[in-house]
Each structure stands twice: as structure tokens, then as C-alpha cells.
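Asks: fold the following for me, if possible:
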Amino acid sequence: MKKHTVSKEVPLAEITLRKYEKPYNLKDRDLVKKLCLSIGLLQPGDSRDVVVDVFHVLLKNSALTGAEVEEKVIALRKSQKLPQIGIASSNIRRHLKRLKDLFLIESRGSSYRITENAKLSEIFTEKIEQYYLKTISERVKEYFEALDKE
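Replies: Below is the predicted model:
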């Protein structure tokens, strides 16, 4: 029997936010990992955490090409004795795109950097909270209001 897809809904934008305990005593990679969990770049219990290392190396460097990100991610994972899984070029590029889609990084020519070399808290306030999250919540509100009219 052939399965029929009735409809495939594709969101225009989405964000996952999670609340964890305050960041007491977290440093370096553990702090980046908790942020990635908090904004949905990483799922709880997920062992595939290369996105953490991609973001981490970009935080520690002013601008890197995709190849340099890959090289530094591999070196970081080796130094921390982490499994060398998920480090394929295609996977690194996918994580760079995910970070760009959340406005955390930008590409300048062939290099990537933290958006406008700004502080992450500023990026969150200006790009995510005031722009991205606001547009999503406004659209959700429109659905609530449309249902109120029925």
C-alpha cells in the first residue's frame, strides 16, 4: 500500500530554548556546550557534539576559513581525547550554516567569525531576542488571534 503525504509543513524560522541552572563553575568547552544545549544547537544526551567544537574554535579565533575551522576542531577534539566522529568537511559546513542561521557567526569572504566581532550577549539581544524571537512570537500570536476570531 502506497503512503500518501497529506501535507509537509516547513517552518519559515524556528528556535529551541532551554533553561538550565546558572553557569556557575563552567569553563571553556563545557560552557559552550551548555549554551549550545540552551539554544537548541545540541540535543540533551546527544553524543554528536561537534557543533560545540566548531563554535568553540570560532570563539577563540578572530576569523577562520572552513578548512581552518575543521583543522582546529580536529586538534581540539584530539587534545580533549574526544572521539573523532562528525568531523567530516560536510558536517563542519553544516554546523557553520546552523551557527549562521542563528546569527551567531557570519562569513566574510571565505572566512567565518563571530557576528560583527560583537559580544555574544549583544548578539543574543540584538539578533536573536529582538529580531528572530520577536518575529516568531509575533507570528504565533497571529495564529492565537485568528483562532480567537473563529
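
Asks: find the nearest non-adjacent residue to residue 113, please.
Replies: residue 63 (4.4 Å; C-beta to C-beta, 6 or more residues apart in numbering). Just so you know, the C-beta spots here come from the backbone N, C-alpha and C atoms, and that holds for glycine as well.

Asks: contacts only, for the one you found.
Replies: Residue 63 makes contact with 108, 111-113 under the criterion C-beta atoms under 8 Å, 6 or more residues apart in numbering.

Asks: try residue 139
Replies: Per C-beta under 8 Å, 6+ apart, neighbours of residue 139: residue 12.

Asks: chain center to the helix or strand hosting it: distance?
Replies: Take DSSP states H and E as the rule and residue 139 turns out to sit in helix 134-149. What separates the centre of helix 134-149 from the centre of its chain is 25 Å, taken as C-alpha atoms, centre = their mean, to the nearest Å.

Asks: same thing with stretch 126-144?
Replies: 18 Å.

Asks: do me a favour and get the end-to-end distance for it?
Replies: 26 Å (C-alpha to C-alpha, to the nearest Å).
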